[in-house]
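Undergrad: Sequence first, predicted coordinates after that:
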Amino acid sequence: MMKVSIRKRKTSDEKSSLFLDFLQDGVRKRESLKLTIYTNPITRTEKFENSKTMQLVKRIQSEKIIELQDGQHGTKRISSAQSNFIAYFKQKADERKGSSGNFGNWDSAHKHLVKCFGEKFRMADMSVESCNFFKLYLDTIAKTKSNKSLSQNTKCSYLNKLKACLKEAYRDRLIAENLSDFVRGFKPAESNREYLTFEELESLATTQCMYPVLKAAFIFSCLTGIRWSDIHRLTWLNLRHSDKRGYELSFSQKKTGGKEYLPISEQAVELLGERGEDSRRLFVGLSYSAYMNVALYKWVADAGIKKKITFHCARHTHAVLLLENGTDIYTVSKMLGHREIKTTQIYAKIVDSKKVEAVK
């Protein structure tokens, strides 16, 4: 049997690096594993990390033995340890092409992985240390297309994509352990969610807009909480009515793919005008363009509102107004189509801060 030994070399007072020692074609070779262990582990955490690292090293050792045997006997077996993690990540990104927003984040994370590690990076080289190196790259080196440092939430997103890919690689048995369990993510930044007060919304409703369809769609979003990506795709087929349930929109969220059955008010329905054919869009002529954005900014300014309002702020407005009027957070979460209640809790913080201001 081909002999491959695990060796370690002390690199500091605390750590020792690991490498493989073996004979290949009669020549003694050493192969660095780019992994380290605590030289004299003391705490339970240090002992646990050493144990997990050694499990990975023993798998790499076994795969090296197979590789050397293949070379000796002229056989070819592809070792998962030698496969390219960057290519695997790209494959997982491409599987998400059906979801534009999700694919975009995966694709961008892939580009940064290439900048950090190059086009090729072996599965065997993936370790907690290499993951933390990528984290450090995102935090200190990575830039946007406009040569700016990445925002906190962008760093958080890209690192989470790496962790998600590592989980899949573990499930696919390409790596010996789920490395994502040992990589601490970035703390997401508190996002500033701008919204309109009830008085500001009333002011908008009585102010003329350059594009009536934009005005109707924006106020419709304030009344329903539906995103732009869904509003501009809605057709009359999505709107139904029954004596028991009243008006209801049935549609699939573009962002999450989740099927929604959303009750809407008669006031919201009145914004739509006379019913058209099932295939006709609810808001004909609504499109995402610079002209529409300029018109939105002008409309807001003409209403005497000095906030920086985008179309998505209509969704924030809907959530805040619901909570202000006593709707429980669980119901608000369901109406917004959130998968997790913690996403909705951001709006609850806004309402709580307004209460504090009112008391002061």
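TA: Sure thing, it's come through.
Undergrad: and the lengthiest helix in the chain, what does it pack onto?
TA: Counting by DSSP state H, the longest helix found in the chain is helix 44-73. Counting contacts by 3 or more Cβ pairs under 8 Å, 6 or more residues apart in numbering; DSSP states H and E, helix 44-73 is packed against strand 4-10, strand 15-24, strand 27-38. (C-beta placed from N, C-alpha, C; glycine too.)
Undergrad: I'd like to know which of those strands lies nearest to Ile141.
TA: strand 27-38 (19.0 Å; Cβ to Cβ).
Undergrad: could the helices and strands packed on helix 44-73 go into CSV alongside distance to Arg233?
TA: Converted to CSV, the helices and strands packed on helix 44-73 look like this (distance: least, Cβ to Cβ, whole Å):
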stretch, distance to Arg233
strand 4-10, 57
strand 15-24, 54
strand 27-38, 48
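Undergrad: before we move on, back to that, remind me what the helix or strand following the longest helix of the chain packs against, helices and strands.
TA: With elements assigned by DSSP states H and E, the helix or strand that comes after helix 44-73 is helix 85-94. In terms of contacts (3+ Cβ pairs under 8 Å, 6+ apart), helix 85-94 is packed against helix 100-117, helix 152-171.
Undergrad: before we move on, back to that, and the helices and strands packed on helix 44-73 as CSV, adding mean pLDDT, mean neighbour count and distance to Lys90?
TA: Output for the helices and strands packed on helix 44-73, formatted as CSV (pLDDT from 0 to 100; neighbours: other Cβ atoms under 10 Å; distance: least, Cβ to Cβ, whole Å):
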stretch, mean pLDDT, mean neighbour count, distance to Lys90
strand 4-10, 90, 14, 31
strand 15-24, 89, 16, 28
strand 27-38, 88, 15, 22
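Undergrad: With respect to Thr144, which of those lies nearest?
TA: strand 27-38 (29.0 Å).
Undergrad: Could you check the pLDDT of the spatially most central residue of the chain?
TA: With distances taken as Cα atoms, centre = their mean, Ser157 lies nearest the centre of the chain, 4.7 Å away. We have a pLDDT of 91 for Ser157.
Undergrad: Surely it and Ala109 touch.
TA: Yes. With contact defined as Cβ atoms under 8 Å, Ser157 counts as touching Ala109 (7.4 Å).
Undergrad: Return every residue with contacts to both of those two.
TA: By Cβ atoms under 8 Å, 6 or more residues apart in numbering, Ser157 and Ala109 have no common neighbours.
Undergrad: got the contact list for Glu200?
TA: By Cβ under 8 Å, 6+ apart, the contact list for Glu200 reads 303, 305, 307.
Undergrad: Can you tell me the element it falls in?
TA: Counting by DSSP H and E, Glu200 is part of helix 198-205.
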